[in-house]
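[1] starting from these lines, generate the structure:
(one chain, ligands or ions: 1)
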Amino acid sequence: MALKITVIGTGYLGATHAAAMAELGFEVLGLDVVPEKIELLSSGRVPMYEPGLEELLAKHVAGIEGSTGRLRFTTSWEEVGTFGDVHFVCVNTPQKHGEYACDMSYVDAAFASLAAVVREGALVVGKSTVPVGSAERLAELLPEGVELAWNPEFLREGFAVQDTLRPDRIVVGVQGERAEKTLREVYAVPVGQGSPFVVTDFPTAELVKTSANSFLATKISFINAMAELCEATGGDVAKLAEAIGHDDRIGAKFLRAGIGFGGGCLPKDIRAFMARAGELGADQALTFLREIDSINMRRRGQMVEMAREALGGSTFLGRRVAVLGATFKPDSDDVRDSPALNVAGQIHLQGGQVTVYDPKGMENARRVFPTLGYAETALDAVRGADVVLHLTEWREFRELDPAELAAVTSSRVILDGRNALDGERWRAAGWTYRAMGRPRA
Ligand code: UDX
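    The predicted model follows:
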């Protein structure tokens with residue numbers, strides 16, 4: 001009989017995983033402790049913007065016309081315990097307030113609730129990003145006859161559906177053959193389509209996730225450090241990235257210099273990794289991550305300084321600053337630790353009149369930073385601006401018509417914090433275009 005799957009926690013990761021499991025043909029039950037989320041998901045909607053996710057839900061959520069009916073949602077732990085052969089734990093592990101360490105309280109609570117209802121012979125699979133050593137501790141909480149596996153998730157926001165259905169690798173940390181066999185059954189389709197299946201022990205599986213994110217963060221901060229050198233010497237970081245990226249050992253991806261990384265994963269994961277290394281007496285191994293973090297945070301201040309300089313070098317008081325982009329990356333409505341919103345906020349706090357526009361992130365941005373100005377379109381944000389900052393590389397911004405925007409502002413200075421606009425097009429339309437880490441024209 002086909003395995004029955006539950007997904008505990010229906011945030012970003014859980015909602016996507018549940019829909020993907022249904023797409024792979026399994027009967028799936030998703031649980032969340034927030035009834036409003038369950039209500040929303042049960043009607044095929046998601047509380048965030050993620051391309052393709054609502055379509056996938058609508059295809060499978062029970063009760064939606066024409067759906068397979070394979071996917072349901074509940075708030076009942078008893079139902080989860082009775083239903084599931086395999087339970088995926090997908091709750092979040094945010095950064096603790098005022099500390100580097102990650103907050104394990106949601107994971108601990110999920111395991112405690114699950115332990116009370118799980119059937120003998122079932123498999124529990126942790127997907128949340130946790131400090132190394134957590135799986136071994138959590139295994140102790142489960143009753144006799146219930147196995148644990150750790151199966152980190154590598155999905156990127158904006159590509160969550162495709163990353164989940166066709167992952168570029170599947171990593172499973174196991175202690176026994178039964179868990180491995182069950183997970184091979186769960187992932188038979190993507191493995192059959194070529195996704196590598198890597199079997200490890202618990203600590204390695206946990207470390208794979210945090211080390212992968214640390215490597216990505218390092219790559220971004222490395223190129224941003226080179227951008228600082230380019231700024232000091234007149235070099236061009238975009239050309240430099242292109243040139244070093246041709247070396248296969250380095251690779252061209254994740255070498256876009258700009259205002260740096262943000263979001264709900266990279267910043268908090270490298271901090272939690274440092275905190276955990278400290279607890280393990282291995283802090284020296286990760287002191288370089290402190291530098292990665294500080295290069296990253298410094299970029300935001302450098303963007304503010306670039307804007308100040310463009311405005312004549314002294315104060316933002318009374319100056320109008322248009323900010324294009326609020327989310328931490330395009331194709332997402334997520335503003336968690338967003339470099340764009342941080343830059344907008346810094347300028348606002350220094351007296352600038354900031355007007356922000358973002359294609360999908362306005363609601364979240366307004367909620368976390370209600371005192372900023374907001375416009376309904378890019379054109380409205382730019383109207384009358386003394387300087388325009390391009391801070392999230394949405395396609396909509398690349399496709400803007402510089403001539404149309406030139407007509408609504410007389411100062412015509414645009415600063416590209418993402419190295420993503422076609423500078424020549426902007427210059428041809430009468431703009432002064434400057435990008436981080438690149439020479440002035
Ligand atoms: C990341 C990992 O990529 C993913 O594997 C993991 O599961 C979760 O964390 P995500 O947070 O969705 O995914 O974003 P990602 O695409 O990695 O981008 C992170 C940040 O880095 C963004 O703010 C982005 O703008 C920035 N970035 C990315 C750069 O500044 N330069 C680059 O070249 C690439």
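
[2] correct me if wrong, but Glu396 is in a strand.
    No: assigned with DSSP: H, G, I helix; E, B strand; the rest coil, Glu396 falls outside any strand and is helix.

[3] isn't it up against Pro359?
    Yes: taking CB atoms under 8 Å as the definition, Glu396 is a contact partner of Pro359 at 5.2 Å. C-betas here are computed from N, CA, C, even on glycine.

[4] more neighbours, these two?
    Pro359 (20 against 16; other CB atoms under 10 Å).

[5] next, that one: secondary structure please.
    coil.

[6] how far out from the middle of the chain is the strand or helix carrying Thr355?
    If you go by DSSP states H and E, Thr355 is part of strand 353-357. The chain centroid and the centroid of strand 353-357 are separated by 24 Å, computed with CA atoms, centre = their mean, to the nearest Å.

[7] equivalent analysis for stretch 192-208, please.
    Chain-centre distance of stretch 192-208: 21 Å, with CA atoms, centre = their mean.

[8] ok, and does it reach over to the ligand?
    No: residues of stretch 192-208 contacting the ligand under CB under 6 Å from any ligand atom: none, with a closest distance of 10.9 Å.

[9] buried residues, that stretch. List them.
    Buried residues in stretch 192-208, counting neighbours by 16 or more other CB atoms under 10 Å, are found at 195, 197, 199-200, 202, 205-208.

[10] which two from these end up farthest apart in space?
    Ser195 and Phe202 (21.2 Å; CB to CB).

[11] what residues does the protein put near the ligand?
    Residues of the chain lying near the ligand by CB under 6 Å from any ligand atom: 153-157, 213, 216, 220, 254-256, 258, 260-263, 265-266, 328-329.

[12] mind giving me the ChimeraX select for these, buried ones only?
    Selecting only the buried entries of the residues of the chain next to the ligand in ChimeraX, with 16+ other CB under 10 Å as the criterion:
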select :153,154,155,157,213,216,220,254,255,256,258,260,261,262,263,265,266,328,329
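
[13] any weak-confidence spans in the chain?
    Scanning the chain with the threshold set as pLDDT under 70 gives no residue ranges.

[14] swap in 90 and give it another go.
    Along the chain, segments meeting pLDDT under 90 span 1, 12, 47, 176, 313-314, 410, 440-441.

[15] check it for its longest helix and report it.
    In the chain, assigned by DSSP state H, the helix with the most residues is helix 202-233.

[16] the next helix or strand after it - contacts with which helices or strands?
    Counting by DSSP H and E, the element after helix 202-233 in chain order, helix or strand, is helix 237-245. Applying 3 or more CB pairs under 8 Å, 6 or more residues apart in numbering; DSSP states H and E, we find helix 237-245 packed against helix 202-233.

[17] quick one, the helix it packs on and helix 237-245 angle?
    Per axes from the mean of the first three to the mean of the last three CA atoms, to 10 degrees, the angle that helix 202-233 makes with helix 237-245 is 130 degrees.

[18] run the chain-centre distance for helix 202-233.
    Per CA atoms, centre = their mean, the centroid offset for helix 202-233 relative to its chain is 15 Å.

[19] what strand or helix carries Val125?
    Using DSSP H and E, Val125 sits in strand 123-126.

[20] for the closest residue to Arg425 other than its chain neighbours, grab phi and psi.
    Leaving aside its chain neighbours, Arg425 sits nearest to Pro402 (5.7 Å; criterion: CB to CB, 6 or more residues apart in numbering). When read as degrees, to the nearest 10, the backbone of Pro402 gives phi -60, psi -30.

[21] Trp431 is in contact with Pro402, correct?
    Yes: counting by CB under 8 Å, Pro402 does reach Trp431; the two are 5.8 Å apart.

[22] which residues touch the closest residue in space to Ile292 that isn't next to it in sequence?
    The shortest distance from Ile292 to any non-neighbouring residue, by CB to CB, 6+ apart, is to Ser221 (4.3 Å). Going by CB atoms under 8 Å, 6 or more residues apart in numbering, Ser221 touches 260-261, 291-293, 295-296.
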